[in-house]
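S.K.: Got a predicted structure here, sequence first:
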Protein chains: 2
Amino acid sequence: MVTTDSSHFENILIALADPTRRQLLDLIALRGQATATTLATTVTVSRQAVVKHLTILKDARLVSSNRVGREVRYQVCPQQLSSTAEWMANLAADWDRKLEWIKRIAEEK
Amino acid sequence: MVTTDSSHFENILIALADPTRRQLLDLIALRGQATATTLATTVTVSRQAVVKHLTILKDARLVSSNRVGREVRYQVCPQQLSSTAEWMANLAADWDRKLEWIKRIAEEK
DNA sequence: AACATATGCAATAATTAGGTTGCACTTTCG
DNA sequence: CGAAAGTGCAACCTAATTATTGCATATGTT
């Protein structure tokens, strides 16, 4: 199964691997939408660090953004997350099948 | 929802985020079991690099190992992967609910 | 216009991740 | 026993990540 050449999911996994980014996702989901500046007041890191994290999240398409006047508002995108969950569940099922097959072979001897 | 303090899933996400580690998981799943030395012949990196990756995968409980004589054999563990997929799917669903709620509020004005 | 607020850009610094090499130790086999 | 095969440990290097600070630019407000 395609675990290796799934560079599409790689950005998502990298994005989710960082605790600060998960916290940001939580905050945005909780508020519906949020700006880098407001997020920076809650999180322990600087606004610029938040902006960098948001860029990574946006590249992974876990969030989208739209400009309203002078501010940039971010929202979460559940689609990418659910498709990654699906990919992961399929992978687990694939491993399971292979393990079952091996177990059966071992019992036949 | 608990996206932030899910350090349990963090190791798994970090483990899966690396392409070499995903390749190793693929190879182990394909063969049922494998040693660091045999894996190193397929992968482009050294045996020691493979060992380090396997350690990370084992910490994340994505693989288990057992010693047979002088060699250490690794197998994949689908459980952790499927539970992470579930966690991720729940998170996506949670985001979805919140977005729906916000949309409804917006339409009521 | 003047001031406050929000974002954008760039240089820099500290830490971590991924990888290498060399050598010692253990198990197997001729 | 002695050689081969597999693993374990440790030092070291490099590049990428995370975060910082300072300043410039754009937008809204009084």
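M.R.: That came in fine, so what should we check first? Numbering: from 1, shown residues only, chains lettered A, B, ... in the order given.
S.K.: relative orientation of the one helix or strand residue A:93 maps to and helix B:78-108 in degrees?
M.R.: For residue A:93, the enclosing helix or strand under DSSP states H and E is helix A:78-108. If you take axes from the mean of the first three to the mean of the last three CA atoms, to 10 degrees, helix A:78-108 sits at 160 degrees to helix B:78-108.
S.K.: Contacts only, for residue A:40.
M.R.: Shown here is residue A:40, whose contacts under the criterion CB atoms under 8 Å, 6 or more residues apart in numbering or on different chains are A:46, A:47, A:49, A:50. Heads up, the C-betas are built off the backbone N, CA and C, glycines and all.
S.K.: Keep the residues you listed, but drop any that are not near DNA strand C.
M.R.: Under the cut-off given by CB under 7 Å from any atom of the strand, DNA strand C has residue A:47 from the contacts of residue A:40 close to it.
S.K.: Sitting in helices, which of the contacts of residue A:40 do you find?
M.R.: Secondary structure from DSSP state H places A:47, A:49, A:50 of the contacts of residue A:40 in helices.
S.K.: By neighbours, which of the residues you listed wins?
M.R.: Using other CB atoms under 10 Å in any protein chain shown as the neighbour test, these are led by residue A:50, with 25 neighbours.
S.K.: Can you get me a residue count around the closest residue to DNA strand D within chain A?
M.R.: The nearest approach of chain A to DNA strand D comes at residue A:69, 2.2 Å away (CB to the nearest atom of the strand). The local packing count at residue A:69 equals 6, with neighbours defined by other CB under 10 Å.
S.K.: Could you confirm whether stretch A:23-30 reaches chain B?
M.R.: Yes: in this structure, stretch A:23-30 sits against chain B according to CB under 8 Å from any CB of the partner chain; the contacting residues are A:23, A:25, A:26, A:29, A:30.
S.K.: which element is the second one on?
M.R.: Assignment of secondary structure by DSSP H and E places residue A:25 within helix A:19-31.
S.K.: can you tell me if the helix or strand following that helix touches DNA strand D.
M.R.: Heading C-terminal from helix A:19-31, the first helix or strand you meet, by DSSP H and E, is helix A:36-42. No: interface with DNA strand D: helix A:36-42 contributes nothing (CB under 7 Å from any atom of the strand), its closest point being 8.3 Å away.
S.K.: I am finished for the moment; much appreciated.
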